[in-house]
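[1] Here's a sequence, model it:
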Amino acid sequence: MESVADAELAAWLAVVRSGGSSEPSPEQIRQLRVPRRRPAGPAVQEVRDLMIPGTVPLAARLYRPHGSALPLTVFVHGGGFVFGGLESHDRLCRRLSLLAGTAVLAVDYRLAPEHPAPAGVDDVVRALRWAADRPPALGPLLPGAGLAGDSAGGLIAFLAARSLAGTAAEPRLLLLAYPNADLTLSLPGVRGKGEGWGLSVRDLAFYIKQWVPAAERLAEFSPVHLLRADLARGQHLPVRTLLATAEHDPLREEGQMLARELARGGTAVDYVPHPGHLHGFLTLDAVSPAARTAGDALLLRYGAALAAGRG
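    Next up, the predicted model:
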C-alpha cells in the first residue's frame, strides 16, 4: 500500500478493500440513503433546523457558536449528487462553525436521480439569495457570506457562486474540499486512483449519470470546462477560493486543474494539497487522528480567510 497519513487510516482503507465491491445501482443509492448512527460532533451553542421559504420550502440547519454577530457560511454537502444530507455532515458543520468562527447554514438540496442537474445548484442559489437579505431566523450576522462544499458539494458550490457573480448574493469566499471539477472523468489521475482508495470511479460515473443523464451535457456542469469558456470571453470568477485536494483521490488532478484555471483567469486562489490523505478526509475525523488534524487545519485556514475578507 502506498503511504497514507497514519496507521488508523491505513487500517480503515484495508477494511474497505477487503469488502469487495458491488455493481452501482438504484438499490445501492437507496442503501446509501438509509439513516445510520454516526459519532456525535462537538457541542455548539445553537443548532436549529429551519425552512427556507419558497413555493416548495427548502430544509436547512443553522449552527451558531455564540449569539453575537458572526459571518455566515452556506454549506453544501457531498455525496455524489445522490446521497448525503443534514445528518451525514452534521459533525463537519459543527467543527466548521467552531473552528472557523462562523454561523453555518447547511442546505438540504434536492438529490438525483429524482432531481437531476441543475436542481441542487438552484437550491443553493436560493439559499444564498435568502441569506443575503439577512433574515431574522439566522440571528445577527456580519456583512458578506462564505460558501463551502466538499466533493460533489464543492462542484455545486462553485456553480452557485458562478451563477451569482456580480449580484448582492455573491459569496465573499469559497471553500472547495476535494471537489468534482470535470464530470467527463477524462483525466489520467481518475484511472490511477480509481479503485481501492475509498472512492470508486465506477460508482462515481454511475452517480454522475444520475445527475446529468445526457453525456453531451457533462461539460455544462463541469467547472474546468466552464472556466475555460469564461476565460475565452474575458470573464472570471471574482470570488477568492480556498481549494483543498487529497493525494490518494481520483479527483485530485481535477482539483489541481481547477485551481490552475481559476488562477489563470485572475481569481485569488489558495491551493492546499494534503499528502497521504484520501477523498473525504474532512468526514474521516472519527477514523483517523491525521484526518482530524488536517481537517481542523483547513477549517481554521478558511476561518482566517473569512475574517481577513472583512477587513
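[2] I'd like to know how many residues surround residue 163.
    By other CB atoms under 10 Å, 16 other residues sit near residue 163. Where you see a C-beta, it was placed from the backbone N, CA and C, and this is true even at glycine.
[3] sorry, that was for residue 273
    14.
[4] so residue 166, which of the three states?
    Following DSSP: H, G, I helix; E, B strand; the rest coil, residue 166 is assigned to coil.
[5] Skip the chain neighbours and tell me the closest residue to it.
    In space, and not counting its chain neighbours, residue 166 is closest to residue 238: 7.6 Å by CB to CB, 6 or more residues apart in numbering.
[6] Would you confirm that that neighbour belongs to a strand?
    No. Secondary structure of residue 238 (three-state DSSP): coil, not part of a strand.
[7] how about it, what does it touch?
    The contact partners of residue 238, taken as CB atoms under 8 Å, 6 or more residues apart in numbering, are 165, 166, 170, 267.
[8] Quick one, grab the pLDDT at it.
    pLDDT, residue 238: 94.
[9] ditto for residue 96
    98.
[10] residues in contact with residue 140?
    So residue 140 contacts 67, 68, 69, 70 (CB under 8 Å, 6+ apart).
[11] Kindly recompute the last result at 10 Å.
    64, 67, 68, 69, 70, 103, 134 (CB atoms under 10 Å, 6 or more residues apart in numbering).
[12] Residue 140 versus the fourth one, what's the distance?
    With the distance defined as CB to CB, to the nearest Å, residue 69 ends up 4 Å from residue 140.
[13] Touching both of these two, which residues are there?
    residue 103.
[14] Please state the backbone phi and psi of the closest residue to residue 121 other than its chain neighbours?
    Nearest residue to residue 121, sequence neighbours excluded (CB to CB, 6+ apart): residue 159, at 4.6 Å. As for residue 159, its main-chain torsions (degrees, to the nearest 10) stand at phi -60, psi -40.
[15] do residue 55 as well
    Torsion angles, degrees, to the nearest 10, at residue 55: phi -60, psi -40.
[16] Look at it and say how many residues are nearby.
    Residue 55, neighbours per other CB under 10 Å, totals 4.
[17] Just the element for residue 61, please.
    strand 58-64 (DSSP states H and E).
[18] Spit out the contact partners of the residue nearest to residue 237 when sequence neighbours are not counted.
    The shortest distance from residue 237 to any non-neighbouring residue, by CB to CB, 6+ apart, is to residue 267 (5.1 Å). By CB under 10 Å, 6+ apart, the residues touching residue 267 are 174, 227, 236, 237, 238, 239, 240, 241, 243, 259, 261.
[19] mind listing what's buried in the strand holding residue 61?
    58, 60, 61, 62, 63, 64 (16 or more other CB atoms under 10 Å).
[20] again, but for stretch 77-93
    77-86, 88-93.
[21] now stretch 279-293
    Those buried within stretch 279-293 under the rule 16+ other CB under 10 Å are 279, 280, 281, 282, 283, 284, 285, 287, 288, 290, 291, 292.
[22] Please export the C-alpha coordinates of that stretch as CSV.
    Taking C-alpha atoms only, stretch 279-293 is exported to CSV below (Å, rounded to 0.1, in the frame of the first residue of the first chain):
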residue,chain,number,x,y,z
HIS,A,279,-11.1,11.6,-0.6
GLY,A,280,-13.4,12.6,2.2
PHE,A,281,-10.8,13.3,4.8
LEU,A,282,-12.9,16.1,6.4
THR,A,283,-15.5,13.4,7.4
LEU,A,284,-12.9,10.8,8.4
ASP,A,285,-12.0,12.7,11.6
ALA,A,286,-13.6,10.0,13.8
VAL,A,287,-11.5,7.3,12.0
SER,A,288,-8.1,8.9,11.7
PRO,A,289,-6.2,11.4,14.0
ALA,A,290,-4.3,12.6,11.0
ALA,A,291,-7.5,13.3,9.1
ARG,A,292,-8.9,15.2,12.0
THR,A,293,-5.7,17.3,12.3
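[23] now it: how far from the chain's centre is it?
    15 Å (CA atoms, centre = their mean, to the nearest Å).
[24] where does the protein dip in pLDDT?
    1, 310-311 (pLDDT under 70).
[25] For it, just list every one of the helices.
    Ranges of helices within the chain are 7-18, 26-33, 90-100, 119-132, 152-164, 188-192, 201-211, 223-232, 252-264, 289-308, based on DSSP state H.
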